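Asker: I'll drop the sequence and a predicted model, then ask my questions.
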Amino acid sequence: MDYEAVIGLETHVQLKTRSKMWCGCANAFGAPPNTHVCPVCLGLPGVLPVPNEEALRLTALTGLLLNCTLPARAKFDRKSYFYPDMPKNYQITQYDQPSTANGWVEFEFQGGTARVRITRAHLEEDVGKSTHFERHSGVDFNRAGVPLLEIVSEPDITSADMAYEYLNALKDILVYGGVSDCDMEKGMVRCDVNVSVRPVGTKELGAKIEIKNMNSFSGVRRALEYEIPRQIEVLKRGGKLVQSTRRWDDVAGITEEMRTKEDAHDYRYFPDPDLMPLEPTAEWLAEVRARVVELPLARKQRFMRDYQLPAGDAEVFKNDVPLGDYFERLAKQSKNPKAVANWVINNLRAKLTEATEKEAAETMMDSEPPLTPRLSSRGGEGALASLKFPPEFLLELVALVEAKTISSSAAQQVFAEMFDTGKAPSAIVQDRGLAQVSDTAAIEKFCDEAIAANPGPVADYRNGKAAALNFLKGQVMKLSKGKANPALAGDILERKLKA
């Protein structure tokens, strides 16, 4: 019997706010343990939570980015459980009336477009972080109370690779929208995996196994690559799977059972008596809708459609938004957007990267060893804004090449000087005498000299070695100091050698 996997993901994302969900403590990573805490986020008796309005806005914005509906009424609930990292012994979350519901994420997968439905994206608070030492454990409550969005997918995912691509697409959307920085090294994104298997062709779901607290997308993929065959093997041996929670051992590459899975009633949900229901007004929702951005996949598809770019170029501009915006500003003024894309990706991006690396190296050399080097000020919008030349100069350079005024190799020299000095391409061409020679008589003279000086390659070409023509063309370019029109030189050489 053949089996298939059914996978749903619960992705927890820390929201990009300056303060925590219910108090004014800083939402910041890296502070000394238990320094960003107060009576509210520690759950001391008598305190009252006050919702972070920016977190409410970012939750609604996420719903719009994920094609969800925004219900007219939502509320907060208490979810009771007793772990050391939860100071109140309950978590404020949303249960039966979340802020968003019924959406979807589309992403590229196996040469096409896949869609995974979103059940809900509900707002809650993060818990503290436990650290286990040799003889004791410590809890840092700096993270407790940080606004956390739980994005629950429908069980539409069918493989480990599909789960990996879904998570990356979801991360791209959240970063694009400014909802979260999604820095996994700082714990801003974590994931719980729900997976079951069933005979192919059946509709009934198998026993759901949850793998908790995955902190990397590659870890999710590896855990599924282990867990799916494990479950299938149990069933093929005649065994029975029961609903349970497992942990992923990344070193050993296996999942291990932690406990049988709780059901919703085990958490004893009830409406939080300290928090009013949420009923967003039309004006408030309009402000949130004004923050909606173009989604990554839509941007890539539009660049391919509107500017006839190949998928690879469009992918670059999808991943680097400032660079893509810079390209689009020029592409709208150009008859050859592909040529513009080549210069932006292959030349401009390379120069910006080189300048960034150089500045970072200089910063490290200037700093005293105990100091942490500051991040480079170049990169993204800042790097593009600091360019010494206006964007239109790049269009001028493309036009010079297309008009065959300069050769491609000369254009590389012009760009390098333009980047360093900000001078106009036409001025650089004139000052350095880089204009391409397209005069037939002059090029014929160079061709005659090359033929006369290289009898061996001439004989090779006439004996059928076509590659010899490229050598002779190189000699023509050398004699002309790189100024001869290479296409015209090739035509003249070929005509003379065949005569």
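Answerer: In hand now; what should we look at?

Asker: how is this structure divided into domains?
Answerer: Domain assignment for the chain by automatic domain parsing gives 3-288, 440-498.

Asker: helix/strand/coil for residue 222?
Answerer: helix (DSSP: H, G, I helix; E, B strand; the rest coil).

Asker: OK, contacts around it?
Answerer: 160, 248, 250, 253 (C-beta atoms under 8 Å, 6 or more residues apart in numbering). All C-beta atoms are positioned from the backbone trio N, CA, C, and that covers glycine.

Asker: how about those in a markdown table, adding neighbour count and secondary structure?
Answerer: Output for the contacts of residue 222, formatted as a markdown table (neighbours: other C-beta atoms under 10 Å; DSSP: H, G, I helix; E, B strand; the rest coil):
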| residue | neighbour count | secondary structure |
| --- | --- | --- |
| 160 | 20 | helix |
| 248 | 23 | strand |
| 250 | 14 | coil |
| 253 | 11 | coil |
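
Asker: show me which pair in these is furthest apart.
Answerer: 160 and 250 (14.6 Å; C-beta to C-beta).

Asker: how far is stretch 36-48 from where the chain is centred?
Answerer: Stretch 36-48 sits 36 Å away from the centroid of its parent chain (C-alpha atoms, centre = their mean, to the nearest Å).

Asker: check stretch 473-483 too.
Answerer: Distance, centroid of stretch 473-483 to centroid of chain: 45 Å (C-alpha atoms, centre = their mean).

Asker: buried set for that stretch?
Answerer: 473, 475, 476, 477, 479, 480, 482, 483 (16 or more other C-beta atoms under 10 Å).

Asker: confirm the first one sits in a helix?
Answerer: Right, the one you point to is residue 473. Yes. Assessed with three-state DSSP, residue 473 lies in a helix.

Asker: so how far is residue 488 from it?
Answerer: 10 Å (C-beta to C-beta, to the nearest Å).

Asker: and if you look at the fourth one?
Answerer: Distance of residue 477 to residue 488, computed by C-beta to C-beta: 11 Å.

Asker: and the closest residue to residue 450 other than its chain neighbours, how far from residue 163?
Answerer: Leaving out its chain neighbours, the residue that sits closest to residue 450 by C-beta to C-beta, 6 or more residues apart in numbering is residue 475, at 4.0 Å. In this view, residue 475 and residue 163 are 58 Å apart by C-beta to C-beta.

Asker: do the same with residue 448
Answerer: 67 Å.

Asker: who's more crowded, the two?
Answerer: residue 163 (26 against 14; other C-beta atoms under 10 Å).

Asker: how long is stretch 122-138 end to end?
Answerer: 29 Å (C-alpha to C-alpha, to the nearest Å).

Asker: kindly apply the preceding question to stretch 265-279 instead.
Answerer: By C-alpha to C-alpha, the extent of stretch 265-279 from end to end equals 26 Å.

Asker: list the buried residues in it.
Answerer: Buried-residue list, stretch 265-279, by 16+ other C-beta under 10 Å: 267, 269, 272, 275, 278.

Asker: same deal with stretch 43-60?
Answerer: For stretch 43-60, by 16+ other C-beta under 10 Å, it's 43, 47, 49, 51, 52, 55, 56, 57, 58, 59, 60.

Asker: does the closest residue to residue 327 other than its chain neighbours count as helix, strand or coil?
Answerer: Of all residues not flanking residue 327 in the chain, residue 344 sits nearest, at 4.7 Å (C-beta to C-beta, 6+ apart). Put simply, residue 344 is helix when judged by three-state DSSP.

Asker: off-centre distance for stretch 26-46?
Answerer: Worked out by C-alpha atoms, centre = their mean, stretch 26-46 lies 31 Å from the chain centre.

Asker: please work out which residues outside that stretch touch it.
Answerer: Under C-beta under 8 Å, 6+ apart, the answer for stretch 26-46 is 14, 17-20, 22-25, 47-49, 87-89, 138, 140-142, 144-147, 183, 186-188.

Asker: rerun that using 6 Å as the cut-off
Answerer: Stretch 26-46 is contacted by residues 17, 19-20, 22-23, 25, 47, 87-88, 140-142, 144-146, 186 when judged by C-beta atoms under 6 Å, 6 or more residues apart in numbering.

Asker: ok, now how distant is the residue nearest to residue 450 from residue 137?
Answerer: 76 Å.

Asker: which among the buried residues of stretch 265-279 gets closest to residue 415?
Answerer: residue 278 (53.9 Å).

Asker: list the contacts of the closest one.
Answerer: Contacts of residue 278 by C-beta under 6 Å, 6+ apart are residue 74.

Asker: who does it bridge with?
Answerer: Beta-bridge pairing for residue 278 (DSSP bridges): residue 74.

Asker: what's the answer for residue 112, then?
Answerer: With DSSP bridges as the rule, residue 112 is bridged to residue 109.

Asker: check the gap between it and residue 162 for me.
Answerer: Residue 112 is 12 Å from residue 162, by C-beta to C-beta.

Asker: mind checking the SS state of the nearest residue to residue 22 once chain neighbours are set aside?
Answerer: Among residues not flanking residue 22 along the chain, residue 49 sits closest, at 3.4 Å (C-beta to C-beta, 6+ apart). Put simply, residue 49 is coil when judged by three-state DSSP.

Asker: from memory residue 49 sits against residue 23, does it?
Answerer: No. Using C-beta atoms under 6 Å, residue 49 is not in contact with residue 23; the gap is 7.3 Å.

Asker: what about residue 287, distance to residue 331?
Answerer: Residue 287 is 32 Å from residue 331, by C-beta to C-beta.

Asker: higher neighbour count, the two?
Answerer: Neighbour tally, residue 287 and residue 331, criterion other C-beta under 10 Å: the higher count belongs to residue 331, 24 against 13.

Asker: now that one: phi and psi?
Answerer: Residue 331 adopts backbone torsions of phi -60, psi -30, taken as degrees, to the nearest 10.

Asker: now for the residue nearest to it when sequence neighbours are not counted, how many residues are close by?
Answerer: Computed as C-beta to C-beta, 6+ apart, the closest residue to residue 331 that is not its neighbour in sequence is residue 337, at 3.9 Å. Residues lying near residue 337 (other C-beta under 10 Å) number 22.

Asker: for residue 337, give me the pLDDT.
Answerer: Looking at residue 337, its pLDDT stands at 96.

Asker: surely it touches residue 329?
Answerer: No. Assessed by C-beta under 6 Å, residue 337 is found out of contact with residue 329, at 11.3 Å.

Asker: hmm, back to that, any idea how far the residue nearest to residue 327 is from residue 400?
Answerer: 16 Å.

Asker: could the contacts of residue 222 be laid out in TSV, adding distance to residue 130?
Answerer: Below are these laid out as TSV (distance: C-beta to C-beta, whole Å):
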residue	distance to residue 130
160	28
248	17
250	17
253	23
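
Asker: which among these gets closest to residue 220?
Answerer: residue 160 (7.6 Å).

Asker: got any ranges where the stretch 351-499 of the chain has weak pLDDT?
Answerer: 362-380, 439 (pLDDT under 70).

Asker: quick one: the helices in it?
Answerer: 380-385, 392-402, 408-421, 425-432, 440-453, 455-462, 468-479, 486-498 (DSSP state H, counting those that start in this stretch).

Asker: fine by me, we can end here.
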